[in-house]
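# Build me a model:
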Amino acid sequence: MGEAFPLAKDQTSGIRRLLGIALGALVVAATSGCHLLSFLEGAKPPTVLRGHAQEVTSAVFSPDGAGVLTASADGTARLWDAASGRQKTVLEGHRGIVSTASFSADGALVLTASHDRTARLWAVRTGEELRVLGHDDIAGLAAFSPKGSTLATAAGRTARLWDTRTGRELRTFRGHADLVTAMAFSPDGSTLLTTSALTDNDGTVHLWDIATGTGRSPLLGHRGLLKAAAFSPDGSQVLTASQDRTARLWETKTGRALAVLNGHEGPVTGAVFSPDGALVVTAGSYDNTARLWDARTGGSLVVLRGHEDAVWRAVFSPDGMQVLTASADKTARLWDARTGREIAVLRGHEGDVRTAVFSSDGAWIVTASADGTARVWRRP
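Below is the predicted model:
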């Protein structure tokens, strides 16, 4: 080995300062129950939301970003203060896994769906259970309409529309021959999109007119169970993702197939548009990647590589500049939406990161994990 080169005192202190900055920019610190990836020197650790007894199935910010709502396999949903991590309210009443929970657009109500065959409405301010919406099968999906005056649920092969204020059932949407797996309202609230599991080797997509309750001819083409569905921001396109390893783009008005997004080497578990509608990001569960596509042509743009296990979800930041992914490798990751460069790795969870989303202003991130916790991170 060569001899160490002697350094002057000022050189040594300068190198130490640079090393300190570098380490401060990327430090993984392990303490009892808290693991941290610091993005900048002196960065604040993530706020850990502890209280659930089982896997956290979903986590979202309130519309004003001040609160977080989580749902869990322990049969509860919980409201938290986003800044302090203080648990504010436990929404108790379900007798099965709570698969999803969401806020109304004004932040006054919470909607939950559960394996106990009910969806429920709750008052955010008091935590009071307001309505129980009964179903004849597991209620796996529930969503408010854009204006919040109605809401939709899916259980078994059927979707339903309800009056938010009264809890009265307004419409029943029947047509799927198998389990409804995904659901979304169009941006103007006039159309409901539903997708189904595999039937005769064909996953189907249905578009329903909210005003009349009638459905159009199903959109056919996928050859496997559908996992996700979304409208473009202007409502002109529909995006679907399937276990057949593809995502597909459709014209909303005509149902015409526009493009098949081929490239993933395993089931596509998530797909969403960018805020401006120009891009699509897909999550490929077992090929450990997410991918960016041109929403106009369906052309492949960038492959996001770095996760060491299945990628469950991928979303854009509100400004469209970054992509956030959630993975079975126990991390969430941030990527540059233009170049595909990995920006940051959010480490600390001790189980699969099931989902990860931004606050509405894009300043914060919340992750939900199979380890029974959610974590709130400042966006780097």
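
# how far away is Ser285 from Thr339?
24 Å (C-beta to C-beta, to the nearest Å). Every residue, glycine included, has its C-beta placed from N, CA and C.

# Please identify which of these two sits among more neighbours.
Neighbour count, other C-beta atoms under 10 Å: between Ser285 and Thr339, Ser285 has more, with 22 against 11.

# any idea how far Trp312 lies from Asp352?
7 Å.

# what does Pro318 give?
To Asp352, Pro318 is 25 Å away according to C-beta to C-beta.

# Quick check, pLDDT for the closest residue in space to Lys253 that isn't next to it in sequence.
Distances taken as C-beta to C-beta, 6 or more residues apart in numbering put Ser236 closest to Lys253, at 7.2 Å, once the chain neighbours are dropped. You'll see Ser236 listed with a pLDDT of 98.

# ok, Ser236 - contacts?
251-253 (C-beta atoms under 8 Å, 6 or more residues apart in numbering).

# wait, what's in contact with Arg95?
75, 114, 116.

# Give the helix, strand or coil label for the last one.
Of the three states, Asp116 takes coil under DSSP: H, G, I helix; E, B strand; the rest coil.

# how close does the nearest residue to it once chain neighbours are set aside sit to Val132?
Nearest residue to Asp116 in three dimensions, chain neighbours excluded: Gly96, at 3.6 Å (C-beta to C-beta, 6+ apart). For Gly96, the distance to Val132 (C-beta to C-beta) stands at 13 Å.

# what's Tyr286 sitting at in phi/psi?
phi -100, psi 0 (degrees, to the nearest 10).

# OK, contacts around the closest residue to it other than its chain neighbours?
Spatially, and ignoring its direct neighbours in sequence, Tyr286 is nearest to Gly266 (3.2 Å; C-beta to C-beta, 6+ apart). Neighbouring residues of Gly266 by C-beta under 8 Å, 6+ apart: 245, 284-287, 310.

# Repeat the analysis, applying 6 Å as the threshold.
284-287 (C-beta atoms under 6 Å, 6 or more residues apart in numbering).

# next one: Val323
281, 314, 316, 335, 337.

# Can you list the strands that the helix or strand it falls within pairs with?
Using DSSP states H and E, Val323 falls within strand 322-327. Its sheet considered, strand 322-327 pairs with strand 311-316 (antiparallel), strand 332-336 (antiparallel) by DSSP bridges.

# so which of the ones you listed comes closest to Ala356?
strand 332-336 (4.1 Å; C-beta to C-beta).

# what helices or strands is the helix or strand that the closest one is followed by leaning on?
As assigned by DSSP H and E, the chain's next helix or strand after strand 332-336 is strand 342-346. Judged by 3 or more C-beta pairs under 6 Å, 6 or more residues apart in numbering; DSSP states H and E, the packing partners of strand 342-346 are strand 332-336.

# what does the strand it packs on rub up against?
By C-beta under 6 Å, 6+ apart, the residues outside strand 332-336 that reach it are 304, 322-326, 342-346, 353, 356, 367.

# That one vs strand 342-346, what angle?
160 degrees (axes from the mean of the first three to the mean of the last three C-alpha atoms, to 10 degrees).

# Using CSV, list the CA coordinates for strand 332-336.
The C-alpha coordinates for strand 332-336 follow below in CSV (Å, rounded to 0.1, in the frame of the first residue of the first chain):
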residue,chain,number,x,y,z
ALA,A,332,-40.7,4.7,-1.2
ARG,A,333,-38.7,6.5,-3.8
LEU,A,334,-38.7,9.9,-5.5
TRP,A,335,-37.8,10.2,-9.2
ASP,A,336,-37.3,13.0,-11.6
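
# Gln243 touches Arg223, doesn't it?
No. Using C-beta atoms under 6 Å, Gln243 is not in contact with Arg223; the gap is 8.8 Å.

# For Asp209, list the residues it contacts.
No residues are in contact with Asp209 under the rule C-beta under 6 Å, 6+ apart.

# Model confidence score at it, please.
pLDDT, Asp209: 97.

# do the one 10 residues further on as well
Leu219 carries a pLDDT score of 92 in this model.

# And Val345, how far from Val180?
Distance from Val345 to Val180, by C-beta to C-beta: 35 Å.

# What segments of the stretch 151-300 of the chain are strands?
Taking DSSP state E, counting those that start in this stretch as the criterion, the stretch 151-300 of the chain carries its strands at 158-163, 169-174, 180-185, 191-196, 205-209, 226-231, 237-242, 246-251, 257-262, 268-273, 279-284, 289-294, 300-305.

# Quick one, which of these gets closest to Glu55.
Of all the strands of the stretch 151-300 of the chain, the one in closest proximity to Glu55, counting by C-beta to C-beta, is strand 268-273 (16.5 Å).

# Pairing partners for the closest one, with directions?
strand 279-284 (antiparallel).

# now what about the partner strand, what contacts it?
247, 264, 266, 268-271, 273, 290-293, 295, 311, 313-314, 323.

# now do stretch 73-83
Against stretch 73-83 from outside (C-beta under 6 Å, 6+ apart): 49, 51-55, 66-71, 87-92, 94, 97-98, 101, 112, 376.

# picking that back up, could I get the contacts of Gly266 in TSV, plus columns for pLDDT and distance to Gly215?
Formatted as TSV, these follow (pLDDT from 0 to 100; distance: C-beta to C-beta, whole Å):
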residue	pLDDT	distance to Gly215
Gly284	88	30
Ser285	78	29
Tyr286	87	32
Asp287	95	34
